[in-house]
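# below is the structure, and that's it, no one-letter string:
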């Protein structure tokens, strides 16, 4: 195998060719960076977290494929992944995941001890999530904690503490992750039933659409509650309104449970996260210009 081919397999293993996961992890981190700093983020800390998101999402994908290497060959959508297709050795994948995790840890060394402590929890969540599909009825909830752990870490980095607000944001992200990852799981439901792994799409069964709608509502409700406590302005709620409209669009896409439309809805969730962030950032921008009191 040439070096170019090996690097191409690494890229696919880390899903760098599919940035949706990076974006779904990045948006809640940005929510927290702006809220924890009252709209005035520390740009060095911000870049540390942005790069950390890319590294940890990549490491998580490698660990996920290592954990699922015996399942993926039996799923149409995943059978060509590098580990499933035996293009990369399992030991090689573990070394890659360890290297990415080490780089992420070195990145946060300039930050405070609370962040360092939380990073250990974040690593455990990323490494253990793939295995929850063996026994947990809704592993998407665990994914939501893992994908949202940049929230308490952002507060810890910027404030030196993790207030209740951070945990409310994390809870909102858990509900959002259940919504979008159930759409993702609906794509593979038939294959997942055959191989015996657990997903929210299987657990919710015929109530899957209702469960997704409830999770979207809970996400937006918790974000609105944070906004009320913060006395955010109309720009913030405009962002939430846009996010709600996007959620309704997703419900329309998935109403027939067509796998292609479900996957399309999953990918489109980046715009929901962007709408929430846009509302937060615009609200603080207007305040900074004296346009809001």
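That came through fine. Every value quoted in this text rests on a predicted model; they were computed, and no experiment measured them.

# now do the contacts for residue 37.
residue 158 (CB atoms under 8 Å, 6 or more residues apart in numbering). All C-beta spots, glycine's among them, are computed from the backbone N, C-alpha and C.

# begin at 749, not 1, for the rest of this chat.
Right, with 749 as the first residue, what we last looked at is residue 785.

# could you check how far it is from residue 794?
9 Å (CB to CB, to the nearest Å).

# now residue 776
For residue 776 relative to residue 794 (CB to CB), the value is 14 Å.

# same question for residue 919.
Taking CB to CB, one finds residue 919 at 23 Å from residue 794.

# what of residue 953?
42 Å.

# over to residue 863?
On the measure of CB to CB, residue 863 and residue 794 end up 14 Å apart.

# next, the buried residues of the stretch of helix or strand residue 990 belongs to.
Using DSSP states H and E, residue 990 maps to helix 982-1002. For helix 982-1002, burial by neighbour count (16 or more other CB atoms under 10 Å) applies to 983-985, 987-988, 990-992, 994-995, 998, 1001-1002.

# spell out the residue ranges of the helices in the stretch 849-998 of the chain.
861-876, 887-895, 898-907, 912-935, 937-943, 948-952, 956-978, 982-1002 (DSSP state H, counting those that start in this stretch).

# between those, which one is nearest to residue 770?
helix 887-895 (10.5 Å; CB to CB).

# buried sites along the closest one?
Those would be 887, 888, 889, 890, 891, 892, 893, 894, 895, for helix 887-895 by 16+ other CB under 10 Å.

# so which elements touch it?
For helix 887-895, the helices and strands in contact under the criterion 3 or more CB pairs under 8 Å, 6 or more residues apart in numbering; DSSP states H and E are helix 768-784, helix 861-876, helix 912-935, helix 948-952.

# if we can go back for a sec, redo the helices of the stretch 849-998 of the chain as JSON lines? Include distance to residue 1011 and mean pLDDT.
As requested, those are exported to JSON lines (distance: least, CB to CB, whole Å; pLDDT from 0 to 100):
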{"stretch": "helix 861-876", "distance to residue 1011": "23", "mean pLDDT": "95"}
{"stretch": "helix 887-895", "distance to residue 1011": "15", "mean pLDDT": "94"}
{"stretch": "helix 898-907", "distance to residue 1011": "25", "mean pLDDT": "98"}
{"stretch": "helix 912-935", "distance to residue 1011": "5", "mean pLDDT": "97"}
{"stretch": "helix 937-943", "distance to residue 1011": "12", "mean pLDDT": "85"}
{"stretch": "helix 948-952", "distance to residue 1011": "12", "mean pLDDT": "95"}
{"stretch": "helix 956-978", "distance to residue 1011": "14", "mean pLDDT": "97"}
{"stretch": "helix 982-1002", "distance to residue 1011": "10", "mean pLDDT": "98"}
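
# can you list the ones you listed in JSON lines and add distance to residue 764?
Formatted as JSON lines, the helices of the stretch 849-998 of the chain follow (distance: least, CB to CB, whole Å):
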{"stretch": "helix 861-876", "distance to residue 764": "16"}
{"stretch": "helix 887-895", "distance to residue 764": "17"}
{"stretch": "helix 898-907", "distance to residue 764": "19"}
{"stretch": "helix 912-935", "distance to residue 764": "18"}
{"stretch": "helix 937-943", "distance to residue 764": "25"}
{"stretch": "helix 948-952", "distance to residue 764": "26"}
{"stretch": "helix 956-978", "distance to residue 764": "27"}
{"stretch": "helix 982-1002", "distance to residue 764": "25"}
